[in-house]
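[1] pasting the structure only:
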């Protein structure tokens, strides 16, 4: 269902057509001439325009061109009398979705509207899918540590509204996963989620990526480009690494946050887009504001609801479930029968500082699965130092943290042994072979973890 702008100078016919569309569940905005129709188009949020070709003040072709100039994603269906079929064909060449010959058959009208709205949705989804990062196919927040749960709870509470959210955390902590979770739990979940990494695109191209550009706006602009804000209409824009954005562009983003209109690069008219913004950074924005490297007004506009995502070194109890998660993914993807990690490998991972956070751990497991020729990952497959590096300026590891790490290792070992025993039907010799430990070691661990069966 959508909001349809109907421009028809025959009031009686307009009322009949509007009635049929409203019975189907559409919202109809009625205008009796072309000039009023364009005023309504600029005023309201419209999903489709249905216009007669012959209209007072402005023709249907003028309406078509004006709509397409402002937002080429909005479908336009034209209605025509028998004597203007050639004009209607020209309208289709100029960008109209279709034309209907008068008198308009209501069933044909509703079918055309349904196809037009469906086509618009598919085109939008395809444009968004082209920009999807390969890492997002494994999007999942894994872990039950108190710090992670606290961050998730905050994100869930803010998701229900339209408040701008600022995600704070080091690189690789999962800021995009949090942004997607906020989108998926929001009223906009059926709309698009569009992500853009502000640090990955040169500053002279970032404006075009965000807001789009018109043909001829700069060298190489051979056609019109739809920007991320326009693609995310009725959805969410995720501005990752916003702390790296150029100061000049920050002011334009601020204007979008304060309103809902912007101009494409090289454009003459304003475009409207209803978007929610979730931003993220690994930088100290307050410090950047103090150094005049980030706009203070934009900082306060973004920092309405901050959510801090903890680094992996502060939630080490989440390492074992993350290891299992990525092990299952890459074992399946690389078609390798790697089912476990050895206790020594897990202990090494529990001591590692993980300065690259979850992303570093993910890459580590992918590499380990590639290198592993058996069924259990060994320390040499990880590519990590066998002596855990000491983080600079870090306080000594407390006894409680060591105990937590040890407990986490024991927990994952217990789960892994139990799973392998279940899969081998209780065959301890085969289980020891899969786990790449001696039969005696396996028996000791089974007894230690209370896994004996009657």
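    Okay, I see it. Not measured: the values here are computed from a predicted model.

[2] Spell out the residue ranges of the helices in the stretch 251-400 of the chain.
    Ranges of helices within the stretch 251-400 of the chain are 285-290, 296-302, 319-333, 343-351, 357-371, 379-382, 399-423, based on DSSP state H, counting those that start in this stretch.

[3] Pull the number of nearby residues for residue 438.
    10 (other Cβ atoms under 10 Å). Backbone N, C-alpha and C define where each C-beta goes, glycine included.

[4] pretty sure it contacts residue 428?
    No - Residue 438 is not in contact with residue 428 according to Cβ atoms under 8 Å; the separation is 11.1 Å.

[5] before we move on, back to that, can you redo the helices of the stretch 251-400 of the chain as a markdown table with distance to residue 254, mean pLDDT and mean neighbour count?
    As requested, those are exported to a markdown table (distance: least, Cβ to Cβ, whole Å; pLDDT from 0 to 100; neighbours: other Cβ atoms under 10 Å):
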| stretch | distance to residue 254 | mean pLDDT | mean neighbour count |
| --- | --- | --- | --- |
| helix 285-290 | 13 | 94 | 15 |
| helix 296-302 | 5 | 95 | 17 |
| helix 319-333 | 37 | 92 | 19 |
| helix 343-351 | 43 | 91 | 21 |
| helix 357-371 | 30 | 95 | 19 |
| helix 379-382 | 45 | 94 | 19 |
| helix 399-423 | 42 | 69 | 16 |
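
[6] what would the ones you listed look like in CSV with distance to residue 48?
    Converted to CSV, those look like this (distance: least, Cβ to Cβ, whole Å):
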stretch, distance to residue 48
helix 285-290, 41
helix 296-302, 33
helix 319-333, 41
helix 343-351, 54
helix 357-371, 42
helix 379-382, 55
helix 399-423, 54
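
[7] Contact partners for the closest residue to residue 186 other than its chain neighbours?
    Counting by Cβ to Cβ, 6 or more residues apart in numbering, the nearest residue to residue 186 once its immediate chain neighbours are dropped is residue 159, at 4.8 Å. If you count contacts by Cβ atoms under 8 Å, 6 or more residues apart in numbering, residue 159 has them with 181, 182, 183, 184, 185, 186.

[8] Mind listing the residues bridging to the closest residue to residue 92 other than its chain neighbours?
    With sequence-adjacent residues excluded and distances taken as Cβ to Cβ, 6+ apart, residue 92 is closest to residue 99, at 6.1 Å. For residue 99, the beta-bridge partners are residue 78 (DSSP bridges).

[9] List the contacts of residue 99.
    Shown in contact with residue 99 (Cβ under 8 Å, 6+ apart): 77, 78, 79, 80, 88, 89, 91, 92.

[10] Could you report the pLDDT at the second one?
    This points to residue 78. Listed pLDDT for residue 78 reads 93.

[11] Kindly report the same for the fifth one.
    In this model, residue 88 is scored at 80, pLDDT.

[12] That one touches residue 81, doesn't it?
    No - with contact defined as Cβ under 8 Å, residue 88 does not count as touching residue 81 (9.3 Å).

[13] Looking at these two, which one has more neighbours?
    More crowded of residue 88 and residue 81, by other Cβ under 10 Å: residue 88, with 21 against 14.

[14] what's the spacing between that one and residue 41?
    20 Å (Cβ to Cβ, to the nearest Å).

[15] Same check on residue 258?
    In terms of Cβ to Cβ, residue 258 sits 23 Å off from residue 41.

[16] Kindly report the same for residue 312.
    Residue 312 is 50 Å from residue 41, by Cβ to Cβ.

[17] Counting neighbours, go ahead and name the busier of those two.
    residue 312 (26 against 22).

[18] Which residues are in contact with that one?
    Residue 312 neighbours (Cβ under 8 Å, 6+ apart): 172, 173, 318, 319, 354, 357, 358, 360, 361.

[19] how close does it get to residue 63?
    56 Å.

[20] Residue 341 now?
    According to Cβ to Cβ, residue 341 and residue 63 sit 64 Å apart.

[21] so what's the residue minimising distance to the centre of the chain up against?
    In the chain, the C-alpha closest to the average C-alpha coordinate belongs to residue 193, at a distance of 4.3 Å (Cα atoms, centre = their mean). With contact set as Cβ under 8 Å, 6+ apart, residue 193 has these partners: 128, 179, 180, 183, 184, 232, 235, 236, 238.

[22] Tell me the pLDDT of residue 45.
    Reported pLDDT for residue 45: 85.

[23] go on, the one 5 residues further on?
    Residue 50 carries a pLDDT value of 96.

[24] Strands of the protein, start to end?
    3-7, 27-31, 48-52, 76-80, 98-101, 165-168, 193-197, 235-240, 261-263, 270-272, 275-281, 305-308, 340-341, 376-377 (DSSP state E).

[25] Pipe these into TSV and attach distance to residue 327 per row.
    As requested, these are exported to TSV (distance: least, Cβ to Cβ, whole Å):
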stretch	distance to residue 327
strand 3-7	48
strand 27-31	50
strand 48-52	48
strand 76-80	52
strand 98-101	52
strand 165-168	27
strand 193-197	26
strand 235-240	27
strand 261-263	45
strand 270-272	46
strand 275-281	27
strand 305-308	28
strand 340-341	7
strand 376-377	7
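
[26] ok, now how distant is residue 438 from residue 338?
    Residue 438 sits 20 Å away from residue 338, going by Cβ to Cβ.

[27] If you could redo that for residue 57, that was the one I meant.
    Distance from residue 57 to residue 338, by Cβ to Cβ: 71 Å.

[28] Which one's more surrounded, those two?
    residue 338 (24 against 13).

[29] If I follow the layout properly, the more buried one ends up in contact with residue 372?
    Yes - counting by Cβ under 8 Å, residue 338 sits close enough to residue 372 to count as a contact (5.0 Å).

[30] Now do the shared contacts for the two.
    Common neighbours of residue 338 and residue 372 (Cβ under 8 Å, 6+ apart) do not exist.

[31] And the helices in the stretch 1-150 of the chain?
    11-23, 34-43, 60-70, 85-93, 106-130, 146-159.

[32] in the third one, what's buried?
    By 16 or more other Cβ atoms under 10 Å, the buried positions in helix 60-70 come out as 60, 61, 62, 63, 64, 65, 66, 67, 68, 70.

[33] Same check on the second one?
    Taking 16+ other Cβ under 10 Å as the basis for neighbour counts, the residues of helix 34-43 that come out buried are 34, 35, 36, 37, 38, 40, 41.
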